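Chemist: got a sequence here, can you build the structure:
(one chain, ligands or ions: 2)
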Amino acid sequence: AATLTGRDFLTIAEFTEDELMTFLNTAVALKTMQKQGVPHHFLNGQTLAMIFEKASTRTRVAFEVGMYHLGGSALYLSSKDIQIGRGETIADTAKVLSRFVDGIMIRTFGHDVVEELAANADVPVINGLTDTHHPTQIIADLLTIYEHKGKIGGLKACFIGDGYNNMAHSLMEGAAAFGMDMTVASPKGYEPDTAIFEAAKARGAKNGCMIAITDSPQEAAEDCDVVITDTWLSMGDEAEKDKRLHDFQGFQVDDALVSLAKPDHIFMHCLPAHRGEEVTESVIDGDHSVVFDEAENRLHAHKAILKCLMEKDA
Ligand code: CP
Ligand code: NVA
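Modeler: Ligands and ions are numbered 1, 2, ... in the order given. Sure, this is the predicted structure:
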């Protein structure tokens, strides 16, 4: 894990498959230690600042509990309460926080904000979600897929819904790194970011898998091991509610759609979910759904990321 010490964690694409495996193996080890009641204070006395410009349940709790399990502590900093909300620059905030804490996590809107924070901080910066990337979630998702399917490479996954979305983007990057086929099905006008898609497609081709885009949910779901969706209305999209609910008609993950996937497929959703919009109650609360395993794995994944980036003398 030495190569990861001191690194930032901004996107999945910036890591090699070996490095991503290190996060996953570390998560498995930490999960086992926690379940067996073995203390694991690898970050004894360290602190993590967590800046939130958007709401959160899972990300906040997983990082805060995770730091506690690792022997350190975390500070919740709402952008409404700290001076960023009154115009203090990201660069100055990064420099000041670096004098106090051992790591910084941020959840914000533009991805450029995270990049600016990382460029100006002397401590590791972790992306806790931007409009275009959600990389900590993908470590948890890959772990969940591995636990349920015993492998990642060689599987076939689909993402149905909003393609220009942090989850769709980061999932394509993760699938490409591990050689898992991934098709994103979205309505016209909601396709993934072209640069992210093209880069994932190229990486996937090197790793023997296909990263593809379609406007047919049925075509995407056909024969899949893993069916994934996310909200049609991400944080920041609220003003487009009526238009989006209209535009996404036909893209709901329902019983008819998942019947096209493999009989032993799993259904995933990063949560929070909107039953009756992107997914039916029958699917998200049904036998194939692993959404609560996926949510729990945020804790183990976040602890692994924290340990790999922040452990001294690792
Ligand atoms: N999946 C996820 O990031 O959840 P929160 O918004 O609750 O953190
Ligand atoms: N795409 C969603 C994910 C929430 C965890 C959003 O950005 O709001």
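Chemist: tell me the residues of the chain that contact ligand 2?
Modeler: Leu129, Asn165, Asn166, Met167, Asp230, Thr231, Ser234, Met235, Cys270 (C-beta under 6 Å from any ligand atom). In this view, the C-beta of every residue, glycine as well, is placed from N, C-alpha and C.
Chemist: can you put the residues you listed in a markdown table and add neighbour count and secondary structure?
Modeler: Converted to a markdown table, the residues of the chain next to ligand 2 look like this (neighbours: other C-beta atoms under 10 Å; DSSP: H, G, I helix; E, B strand; the rest coil):
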| residue | neighbour count | secondary structure |
| --- | --- | --- |
| Leu129 | 27 | coil |
| Asn165 | 25 | coil |
| Asn166 | 23 | helix |
| Met167 | 26 | helix |
| Asp230 | 26 | coil |
| Thr231 | 22 | coil |
| Ser234 | 19 | coil |
| Met235 | 16 | coil |
| Cys270 | 25 | coil |
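Chemist: stretch 282-295: end-to-end distance?
Modeler: 19 Å (C-alpha to C-alpha, to the nearest Å).
Chemist: the strands in the stretch 101-250 of the chain, which residues?
Modeler: 103-107, 125-127, 156-160, 181-185, 211-214, 226-229 (DSSP state E, counting those that start in this stretch).
Chemist: mind giving me the domain split of this protein?
Modeler: Per automatic domain parsing, the structural domains of the chain span 2-133+297-310, 137-294.
Chemist: from the centroid of the chain, which residue is nearest?
Modeler: The residue lying closest to the centre of the chain (C-alpha atoms, centre = their mean) is Gln137, at 2.2 Å.
Chemist: chain neighbours aside, what residue packs nearest to that residue?
Modeler: Spatial nearest neighbour of Gln137, chain neighbours left out: Cys270 (5.0 Å); criterion: C-beta to C-beta, 6 or more residues apart in numbering.
Chemist: model confidence score at the residue located most distally from the centre of the chain, please.
Modeler: Note on the chain: the largest C-alpha distance from the chain mean falls to Arg86, namely 29.0 Å (C-alpha atoms, centre = their mean). Arg86 is assigned a predicted lDDT (pLDDT) of 93.
Chemist: redo the domains of the chain as CSV? Include distance to ligand 1.
Modeler: Compiled in CSV, those are given as follows (distance: least, C-beta to the nearest ligand atom, whole Å):
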stretch, distance to ligand 1
domain 2-133+297-310, 3
domain 137-294, 4
